[in-house]
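> Sequence and predicted model, in that order:
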Amino acid sequence: MPTGLFLCRTMGSQYPPSLRILLSALILVYEISFILIFYFFVLYDHQRNLDIYPVFQDVNIMVFFGFAFLLTFLRRYGFSSTGFSLLLAALAVQWAVMVDGFLFHFSNGKVRISLQSILTAVMSIPTVLISAGAVLGKANPIQLILMALIEVTVFAANRWIAMDVLQVENHLSLMYVHLFGAYFGLMLAWWLYHPSLSQKAEKETSKPASHLFAMLGTLFLWIFWPSFNSVLINNEGDKSVAIYNTYFAIASSTVTAFALSVATNKDGKINMTQIQNSTLAGGVAVGFSASSIQHPWIAITLGLLAGTVSVLGSVFLQKPLNTYLKIHDTCRVHSTFGFPSLLGAIAHTILTIADHWGGSNQSHWGYVALMGLGALSLSIILSLVAGFITGSLLICKLWKAPPVAKYFDDQAYWEFPHLAVGY
Amino acid sequence: MPTGLFLCRTMGSQYPPSLRILLSALILVYEISFILIFYFFVLYDHQRNLDIYPVFQDVNIMVFFGFAFLLTFLRRYGFSSTGFSLLLAALAVQWAVMVDGFLFHFSNGKVRISLQSILTAVMSIPTVLISAGAVLGKANPIQLILMALIEVTVFAANRWIAMDVLQVENHLSLMYVHLFGAYFGLMLAWWLYHPSLSQKAEKETSKPASHLFAMLGTLFLWIFWPSFNSVLINNEGDKSVAIYNTYFAIASSTVTAFALSVATNKDGKINMTQIQNSTLAGGVAVGFSASSIQHPWIAITLGLLAGTVSVLGSVFLQKPLNTYLKIHDTCRVHSTFGFPSLLGAIAHTILTIADHWGGSNQSHWGYVALMGLGALSLSIILSLVAGFITGSLLICKLWKAPPVAKYFDDQAYWEFPHLAVGY
Amino acid sequence: MPTGLFLCRTMGSQYPPSLRILLSALILVYEISFILIFYFFVLYDHQRNLDIYPVFQDVNIMVFFGFAFLLTFLRRYGFSSTGFSLLLAALAVQWAVMVDGFLFHFSNGKVRISLQSILTAVMSIPTVLISAGAVLGKANPIQLILMALIEVTVFAANRWIAMDVLQVENHLSLMYVHLFGAYFGLMLAWWLYHPSLSQKAEKETSKPASHLFAMLGTLFLWIFWPSFNSVLINNEGDKSVAIYNTYFAIASSTVTAFALSVATNKDGKINMTQIQNSTLAGGVAVGFSASSIQHPWIAITLGLLAGTVSVLGSVFLQKPLNTYLKIHDTCRVHSTFGFPSLLGAIAHTILTIADHWGGSNQSHWGYVALMGLGALSLSIILSLVAGFITGSLLICKLWKAPPVAKYFDDQAYWEFPHLAVGY
């Protein structure tokens, strides 16, 4: 991080005494503002068809449970992973409903809430949780909340531009969550880097139980990934294909992750962290073209490539990221989400071009390629720029995190009758 | 507990040598009686429409998994929480199907079982699990089974009176589960109190892993709470509103719980136990009016209030409960379930009155208020009275629990070939 | 295991230096072969009706999450249980889709993939995971992969014979998974037995956290068992009955398991391992006759019997299995899956005979009995024979497992900036 670049940059790093008041006040002001905004602008849409509800719940499990537990693999950050993820998700989902509402469901001065609009909001939350994974252990709750509010807003803008200007379909615009969250988060990690992080190795160890908790998150994400990639597709035929493609891609990236984890480990052993992360690469990568790939072998190939870039990324890129770029990516979000989604977006563009090339409207391939690359570039640029600006705000003295701090009271006794401890 | 009040009161407190025979015999007699009763009275209803099945499973996850793991936050009671919860739920659900069947689905001398009737039975089980949370560590399995059988019966009677006399709708009658379970359980905790509980603090500590297990329970309850509040509503439009309201109320109570946990902690830290409990308060409170609240800001406000009373209750009421009322509420069920549902029931009455006041049938508001307060009073009184009587039975010498006992064989080796240990 | 019986038998037992290359190569060759086969033979079936999808996901949770975590009760095998289960399931499901496709969905030179065909493939995977449980800690990943490929193939053949020759219905043919997996696995355990296993007791201990992880697996299996037993039944009326029967049988086996666990434990305590295993016995046993039992009391009785044989089997049979038959059944798959499914298959035959005896087509009872016993015998014989042959292949020098080996790199640090460790 360039020292002295911004005015609000601070040198000190004590635990901010104001954290307690600031955090409580921030949350309560936020929640009360909501009540006011909702009072004036937001209405319910009585819905006749709730067929989508079970799959809506699959997505909720992924977002509120899966991502939270995926980050528990570090023994010292279990509370931060699960606690802050719940706080951020519960807070950001309300914000996302509102921002999405004003951008996409606003008419006659009112925002109308439907199951579909809550679903869309929930599906933008992974951006926040992925970014939180990149800065796990480096940001305090106030910084995380500010991050969440900005990120959700910019991601909604990103979707709006993609849909309105680049004619990206609604369900496709949400597949950029992983990419957006990863690069936004890496930019924050760059700002929040400080040399003492290299001495924090002790805090960043795992133990068997923490790995098993992380496997819980992995498995639920793994199982419900077909739901995530297919839920917003309206046509049942296309939806079924999205389910098949995701299933095969994620199965194929899983076995690939095992093979490469063994091959790249100096003792020929399997690395649990790689398994937790790289098994999901197939689901991330296939998201963009889930409903358009018409042959299972393509989905399997894409999964194989996704597993490969994910494991190789975690082996060969993590160190340069940290040493040369000063980006300390706590939860390896780059190799878990960044790389595979980059691969997926490029593959999607290539497949769409190939599709148009062979089809009747051959002349359009250039246009299609341009739109595809445009949406990808938009997401990368917007996430990096927004991440850069957000990072510069986060290091303001007012709410700057100390390098090492415990935000959870894990001495939480439950003593009787001396109930004083733990509150 | 008033010593000497009841004849069967005992002074001694050794591990009852008869526990082994008594427990096995009790369970087997119970199960065989069931087979006989079902042989004579119970039939299956072949159902054509199983649309409700996925949401039925959401509720099963909450009841059989969520509540069980919610109680695992105490490191020493992990086996009791998960083991006894499974035993009680599996046993009580059969009993509830039968009791509900005789009360609500009895015709021509036969009880007819449908997915709906099993669902209703499953939805009454939280009463038992919440009460078990209040006496966790203070009751032995025999006492818990007796408690379960009595509580399910009285709760079914409570529903029957509410529906028949007070014209409470079916789905609403089940929203009293949290209230009923909490006050019934507190009454039992009062009977089972003994001074040595204050020295048991050592047993009532948490460790990071136990908190993470509890977070598992919390998150699955959190995610599926909209299913619980909406599953029994038949009209799709009302059902969608119940989903929205629960979603917003629980999200709002979650962020409020974080804010107040920080504000009331002397070091400005977040208390995991409060997070596990108070995040759910919004779902509990909004249950009563989930389908009738027509504006999202009301749901968010209710969630905010619920989170507030829940955290403040756990900070300021737990100690007086223990010290002055001699109620040792192991899992804080009062602040998790008791308070928020009290708030919810009162809010429901107020909202219904406000609704009638503004509407065309203005004249009925008094009647509506009476019915609402009647149903609330009924549940409180019945739970307290039934809890009092049940508690007096539980301290009978025949099955009285010793103050400290281990009911699980956690030395469970798996040795080969000397298989003797662990059985 | 008879020493010297097979040529490829080896005396040495060092960690095979080739494991690293062999494993990576095996997986990659496998995955690339798949891409080729799928390129030439496999097509997608665009599906209009995805109503089955939520229950399809229930089954995925059981297979990919439930079985994996069920095996985590041994503290030292947590990584193997969850890691290898994911690898095997992801690998075997692709194979099963293909084998099933060629056997059941092949027409005009093409295999057509539908949600139904993926579902059938997923439902055959428990065979592999159950067998993996029997040899947990005794087999290396290469052996497990070979086992998975052979077992899935033979089980598909088993289904094909049962359906084609013995007129077993499709959904019924899949209920033999538990039986098949258990006996196949026991045969492998016999081959992989070596005396040092008796000194491995230290590795086969549990601790509270590992038991709680196993309870996670148990509970999700428990909750979704009605989905497993009913998902493939097309008639809604029959499907509802299958749900009811499974629900009652598993509830009844659960309470029975508690009663007998207490009764057979010398200290009158509850054994967590027995709870984890024997509570599921009712679901296993009732699978065969889930849609044909018309009275709840029969389902409850069957559950009671299943819980009984399962607990008694684990108490009285585990030792003789190990001592006299030299079968070291690490995860007690015989009492969890073998015995209850044997009971279920026999009960199904008896119930079918009773049904025909009383019905109009009385003359057919002999035929029905023959077909039922035929399908049962087929599964037992095929699983034992295939297990025997597979076991003899697994002990080949090329991929023989050392008696004690660690396949996971659980030192997985996450050090910065010295990223060398853990890869």
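That came in fine, so what should we check first? Numbering: from 1, shown residues only, chains lettered A, B, ... in the order given.
> CA atoms for contacts and neighbours, from now on please.
Noted.
> And the lowest-mean-pLDDT helix or strand in chain A, what's buried?
Lowest by mean pLDDT, DSSP states H and E among the helices and strands of chain A is helix A:318-323, with a mean of 80. Neighbour counts over helix A:318-323 (16 or more other CA atoms under 10 Å in any protein chain shown) mark A:318-319, A:321-322 as buried.
> ok, A:Val368 - contacts?
By CA atoms under 8 Å, 6 or more residues apart in numbering or on different chains, A:Val368 lies in contact with A:349, A:352-353.
> I meant A:Ser173, not that one.
A:Ser173 neighbours (CA under 8 Å, 6+ apart): A:159, A:162-163.
> that's a strand at it, yeah?
No. The assignment for A:Ser173, made by DSSP: H, G, I helix; E, B strand; the rest coil, is helix rather than a strand.
> per-residue pLDDT, it?
Listed pLDDT for A:Ser173 reads 93.
> cool, and A:Trp225?
A:Trp225 is given a pLDDT of 97.
> in what helix or strand does A:Leu43 lie?
Using DSSP states H and E, A:Leu43 sits within strand A:42-44.
> Now A:Ser291. Nearest residue, chain neighbours left out?
In space, and not counting its chain neighbours, A:Ser291 is closest to A:Ala242: 4.3 Å by CA to CA, 6 or more residues apart in numbering or on different chains.
> cool, and A:Ile35?
A:Ile35 sits nearest to B:Trp297 (CA to CA, 6+ apart), 4.9 Å away.
> mind checking the backbone torsions on the residue in chain A that chain C sits nearest to?
The nearest approach of chain A to chain C comes at A:Ala259, 4.2 Å away (CA to the nearest CA). Recorded main-chain torsions at A:Ala259 are phi -60, psi -50, according to degrees, to the nearest 10.
> I'd assumed C:Ile27 was in contact with it.
Yes. Contact criterion CA atoms under 8 Å: A:Ala259 and C:Ile27 qualify, at 6.0 Å.
> can you tell if the strand holding A:Leu43 touches chain B?
Yes. Judged by CA under 8 Å from any CA of the partner chain, strand A:42-44 and chain B are in contact via A:42-44.
> mind giving me TSV with those and columns for pLDDT?
Converted to TSV, these look like this (pLDDT from 0 to 100):
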residue	pLDDT
A:Val42	92
A:Leu43	91
A:Tyr44	92
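> Tell me which stretches of the stretch 1-150 of chain A form strands.
A:42-44, A:106-107, A:110-113 (DSSP state E, counting those that start in this stretch).
> Figure out which of those strands is closest to C:Phe73.
Proximity to C:Phe73 (CA to CA) singles out strand A:110-113 among the strands of the stretch 1-150 of chain A, at 45.0 Å.
> Indicate each strand paired with the closest one and its parallel or antiparallel sense.
strand A:42-44 (parallel), strand A:106-107 (antiparallel) (DSSP bridges).
> burial of the residue of the stretch 1-150 of chain A found nearest chain B, as a residue count?
With CA to the nearest CA as the measure, A:Ser24 is the residue of the stretch 1-150 of chain A nearest to chain B, at 4.2 Å. Neighbours of A:Ser24 under the rule other CA atoms under 10 Å in any protein chain shown: 23.
> Report the contact partners of it.
B:258-260, B:262-263.
> JSON lines for the residues you listed, including secondary structure?
Shown next, in JSON lines, are the contacts of A:Ser24 (three-state DSSP):
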{"residue": "B:Phe258", "secondary structure": "helix"}
{"residue": "B:Ala259", "secondary structure": "helix"}
{"residue": "B:Leu260", "secondary structure": "helix"}
{"residue": "B:Val262", "secondary structure": "helix"}
{"residue": "B:Ala263", "secondary structure": "helix"}
